[in-house]
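Peer 1: pasting the sequence and the predicted coordinates here, then a few questions.
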Amino acid sequence: MRAKLTTLAMLPLLAGCGYAFGAHAHGGPYYEDRYYDYDDRPTVRMDRLRVPRGYLPAPGRCRIWLPGVAPGHQSPEGSCRRLERRVPRGGWLLARPYDHYEVVEVFVYDHRNPRTKYRYVFDARTGQRYRGAYRGY
């Protein structure tokens, strides 16, 4: 009887460890694909990419973009793995996949929870957002 009570008391602790050491922690940050406008997302209009083409990262590279900061004062591009750990709350991570250079992935980091980010996919040439799932890769 005592062993059953001890096991039941340990269940919440074990569930928390499973979350901390599970796929969520080691599989990378959590992000949500956002294809339509929702009220709970950040208040930035994401119908068109408002980053000048000359400031988009090269294929296979990333850039941290801070909304409201002039393009000439943005940080330089770099390795995606290194930069994704440095994005501040409310910041964006612009990513250009190496094998699909015609798209730009924008990860908008939530201003309330730094582990949550929203994913938008744009055409690199026109700046138009892909509606629905992007099937290019």
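Peer 2: Arrived safely, thanks for sending. Owing to the predicted nature of the structure, the values given are computational and were not obtained by experimental measurement.

Peer 1: can you find the helix or strand in the protein with the smallest mean pLDDT?
Peer 2: When each helix and strand of the chain is scored by mean pLDDT, DSSP states H and E, helix 23-26 comes last, with a mean of 38.

Peer 1: Leu56: neighbouring residues, count only.
Peer 2: Neighbourhood size, Leu56 [other CB atoms under 10 Å]: 21. (Each C-beta comes from the backbone N, C-alpha and C, glycine too.)

Peer 1: next: the one 10 residues further on.
Peer 2: Per other CB under 10 Å, the neighbour tally for Leu66 reads 14.

Peer 1: which residue is the nearest non-sequential neighbour of it?
Peer 2: Residue nearest to Leu66 in three dimensions, not counting chain neighbours: Gly91, with 5.4 Å by CB to CB, 6 or more residues apart in numbering.

Peer 1: pretty sure that neighbour contacts Arg63?
Peer 2: No - Gly91 is not in contact with Arg63 according to CB atoms under 8 Å; the separation is 10.6 Å.

Peer 1: so these two - more neighbours on which side?
Peer 2: Remark: of Gly91 and Arg63, Arg63 carries more neighbours, 22 against 19, as counted by other CB under 10 Å.

Peer 1: from Arg112, how far off is that one?
Peer 2: 23 Å (CB to CB, to the nearest Å).

Peer 1: before we move on, what about Leu56?
Peer 2: Separation of Leu56 from Arg112 (CB to CB): 27 Å.

Peer 1: what segments of this structure are helices?
Peer 2: In the chain, the helices defined using DSSP state H lie at 2-21, 23-26, 80-83.
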